[in-house]
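Engineer: With the input below, show me the fold.
(chains A and B)
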Amino acid sequence: MASNVFDRRRINGPQRSVEPLYTAKAAEPFANGRLDGRALDQVRPIFIKTGPLDAQSPSASAPSGSAYYEQGKIRVSCAIYGPRQGRQSNARMGSFDCDFKYAPFSCSWRLSHIKSSDEKEIALMLEHAIGPAIRLEAYPKASIDAFVTVIESDGKAATIAAAINCISAALADAGIELYDSVAACSMSMYGTQWVSDCSQAEENASTCSLLVSRMPSVDEITYLLQHGKTTPEMTTQAIQACSNDCTRVYAVICRYLQATLE
Amino acid sequence: MEIDEQPQRMDVAARIVTPGTAITSDTAFMRGHGTFAEHDTIYSSVAGVVERINKLVSVRPLKQRYSGEIGDIIVGRITEVASKRWRVDVNSRQDGVLLLSSINLPGGIQRRKSESDELQMRSFFAEGDLVFAEVQSYFADGALSLHTRSIQYGKLRNGTLVTAFPQLVPRSRSHFHILPCGVDVVLGVNGYIWVSKHVPASTVEANAELIYSDKNESISDDEREVIARVANCIQLLNRLYVKITDTSIIFAYEASLAHAAKDLLTRDVATELAHNVMTRLEQQQA
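Structural biologist: A predicted model of the protein is given here:
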């Protein structure tokens, strides 16, 4: 009789158990070249448009600058508000604040509309990456706010890089004084091979990723982010390669900005 | 204006640059707005067109925020009532300040503002009110100090606000215009433009309480449509980057009469009207 008593205090497992299915390890993604046929150091094609969020109707709440940025499947939009009256009224320097949000439908899994800690962390990264480029001493007591929305993401590091590029374009659109436009690019490592600007599928199979954001014309790195394990030599090599990619992305942004002014 | 002969200096002006572009390493130049200097080289800090006046090199961006000058006529919105002052959003880097001591009392009474005036500041201007004011001076931190010590300045009512690029509204002798279509327009050089029903100045002068009145007068449907049409005309001039003056507004208004007021902002109509206005402005200048 005792054996039939249902024990409520313990977690009762099922009577019969089944061994889990192990998926096969992802195949080496570069056996037949990359998934989308790019070269290993090739960045996905970029599309930029400034001013998409500018209000068509008169309103004081319209952003002072905005940009829309595509890189392959990644789509990011950014709105800049300010320079406007800041919160601290006795600051010598202006302040730059960033807000980052994945749209609920932007990843392959559904995200909450509530801001996650991950998004807060990325917002902080963006502030660190873009902050050094803004001439905040030219804007005492003012605050500049950037609101970034990811409409579609494809590779986490690449999406952050795209967000940085998008903010750069939007800041230039807003006419905010900058030391230089910031351009960013990411890379992932497979074995001992670094590959530029990886998509989500490629990133899943990688062992390490690196993000570099840089001001090319003053030749300064503003932010560096590495996940995973490498050797110092490999990292140095990747920073160099990423910097070159940044310069290429920078050229695209500058060419676009010049074209809008003509 | 002297023009240098050296080719290296000549190529400085009329160039389109992006932030961080080296403009010149010639130490003879002085750096102006939109530039910064490092290691004897002048770099641009905004995306725009390089301009040179004698030795001063500056970069003019397409969009810029309003930076005030003393004597500017502006339209602002009250954002906060503080002690003895109002904070005013003037479309600038910082909020402007309107001191209690720099407003007119109803009836134009001249006296020092007392504590009782301080207690009833909201009866003059409350949060959200639009003010028509003049820049009186700067504060030490660059914030603008405004004043409304004239019968024509004060609270705005009976109309609608249009926001335009500040650089499109030139400083001129008069910023308050009574258009022939029976609409008053206040062109704030900060880019805020107020379009309202025409009220003769004599009615305001006759009734001192009207200066700080919150009540709209009765506005008929026809008047509303004219106001909307003028507001849309200003908006289309702004969208197509045409200077906003009383003349350009009148030209746009006259050209717009062929269309319904609500259709003015569709792309085709707006482009057509803006080109029409530009050709008429050129003809007038020639």
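Engineer: Break down the stretch 151-262 of chain A into its helices, ranges please.
Structural biologist: For the stretch 151-262 of chain A, the helices defined by DSSP state H, counting those that start in this stretch cover A:156-174, A:200-204, A:232-261.
Engineer: and the angle for the first one with helix A:232-261?
Structural biologist: Calculated by axes from the mean of the first three to the mean of the last three CA atoms, to 10 degrees, helix A:156-174 forms an angle of 30 degrees with helix A:232-261.
Engineer: Helix A:156-174 and chain B in contact?
Structural biologist: Yes. Helix A:156-174 reaches chain B (CB under 8 Å from any CB of the partner chain) through A:172-174. Just so you know, the C-beta spots here come from the backbone N, C-alpha and C atoms, and that holds for glycine as well.
Engineer: Could you export these to CSV, including columns for pLDDT and neighbour count?
Structural biologist: Output for those, formatted as CSV (pLDDT from 0 to 100; neighbours: other CB atoms under 10 Å in any protein chain shown):
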residue, pLDDT, neighbour count
A:Ala172, 92, 30
A:Asp173, 91, 28
A:Ala174, 90, 28
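Engineer: just those residues now: which is nearest chain B?
Structural biologist: Nearest to chain B among those is A:Ala172, at 4.4 Å by CB to the nearest CB.
Engineer: The closest one contacts B:Thr21, correct?
Structural biologist: No. In this structure A:Ala172 lies outside contact range of B:Thr21 using CB atoms under 8 Å: 11.4 Å.
Engineer: count of residues packed around A:Pro14?
Structural biologist: Neighbours of A:Pro14 under the rule other CB atoms under 10 Å in any protein chain shown: 6.
Engineer: dump the residue contacts of whichever residue of chain B sits closest to chain A.
Structural biologist: Scanning chain B for the residue nearest chain A gives B:Gly20, at 3.1 Å (criterion: CB to the nearest CB). Shown in contact with B:Gly20 (CB atoms under 8 Å, 6 or more residues apart in numbering or on different chains): A:178-181, A:215-218, B:43-45.
Engineer: For it, which non-adjacent residue is closest in space?
Structural biologist: Leaving aside its sequence neighbours, B:Gly20 sits nearest to A:Asp180 (CB to CB, 6 or more residues apart in numbering or on different chains; 3.1 Å).
Engineer: Give me the distance between the one you found and A:Ser213.
Structural biologist: Shown here: A:Asp180 relative to A:Ser213, a distance of 11 Å by CB to CB, to the nearest Å.
Engineer: So for these two, which residue has more residues nearby?
Structural biologist: Each of A:Asp180 and A:Ser213 has its neighbours counted (other CB under 10 Å); A:Ser213 has more, 28 against 25.
Engineer: In chain B, what residue spans correspond to helices?
Structural biologist: Counting by DSSP state H, chain B has helices at residues B:7-10, B:115-119, B:121-124, B:201-206, B:221-239, B:246-256, B:267-285.
Engineer: which regions of chain B lie under the pLDDT threshold?
Structural biologist: Counting by pLDDT under 70, chain B has low-confidence residues at B:1-14.
Engineer: let me redo that: chain A
Structural biologist: Short version for chain A, where the test is pLDDT under 70: A:1-6, A:23-31, A:55-60, A:89-90.
Engineer: center of it, which residue is that?
Structural biologist: A:Ile160 (0.8 Å; CA atoms, centre = their mean).
Engineer: I'd say that residue and A:Ile122 touch.
Structural biologist: Yes. Applying CB under 8 Å, one finds A:Ile160 in contact with A:Ile122, separated by 5.9 Å.
Engineer: Go ahead and confirm B:Asn216 touches B:Lys155.
Structural biologist: No. B:Asn216 is not in contact with B:Lys155 according to CB under 8 Å; the separation is 11.5 Å.
Engineer: which of those two has more neighbours?
Structural biologist: Remark: of B:Asn216 and B:Lys155, B:Lys155 carries more neighbours, 18 against 11, as counted by other CB under 10 Å.
Engineer: and that one, what is it in contact with?
Structural biologist: Residues in contact with B:Lys155 (CB under 8 Å, 6+ apart) are B:125, B:129-132, B:211-214.
Engineer: redo that, cut-off 7 Å
Structural biologist: Listed by CB atoms under 7 Å, 6 or more residues apart in numbering or on different chains, the contact set of B:Lys155 reads B:125, B:129, B:131, B:211-212.
Engineer: Which of the residues you listed has the largest number of neighbours?
Structural biologist: Counting neighbours by other CB under 10 Å, the top entry in these is B:Val131, with 26 neighbours.
Engineer: on that earlier part again, anything in contact with each of A:Ala172 and B:Thr21?
Structural biologist: Common neighbours of A:Ala172 and B:Thr21 (CB under 7 Å, 6+ apart) do not exist.
Engineer: Next, the contact list for the residue nearest to the centre of chain A, please.
Structural biologist: Counted by CB under 7 Å, 6+ apart, A:Ile160 has contacts A:122, A:125, A:211.
Engineer: Among these, name the buried ones.
Structural biologist: A:122, A:125, A:211 (16 or more other CB atoms under 10 Å in any protein chain shown).
Engineer: just checking, the last one touches A:Ser186?
Structural biologist: Okay, so that is A:Leu211. Yes. A:Leu211 lies in contact with A:Ser186 (CB atoms under 7 Å); the separation is 4.6 Å.
Engineer: Need the overlap of contacts for these two.
Structural biologist: A:157, A:161.
Engineer: For chain B, which residues are neighbours of chain A?
Structural biologist: Residues of chain B lying near chain A by CB under 7 Å from any CB of the partner chain: B:16, B:18-21, B:34, B:36, B:45-49, B:61-65, B:77, B:89, B:93-95, B:141, B:161-163, B:235.
Engineer: Are any of those buried, and if so which?
Structural biologist: Looks like the residues of chain B next to chain A have B:16, B:18-21, B:34, B:36, B:45-49, B:61-65, B:77, B:89, B:93-95, B:161-163, B:235 buried, using 16+ other CB under 10 Å.
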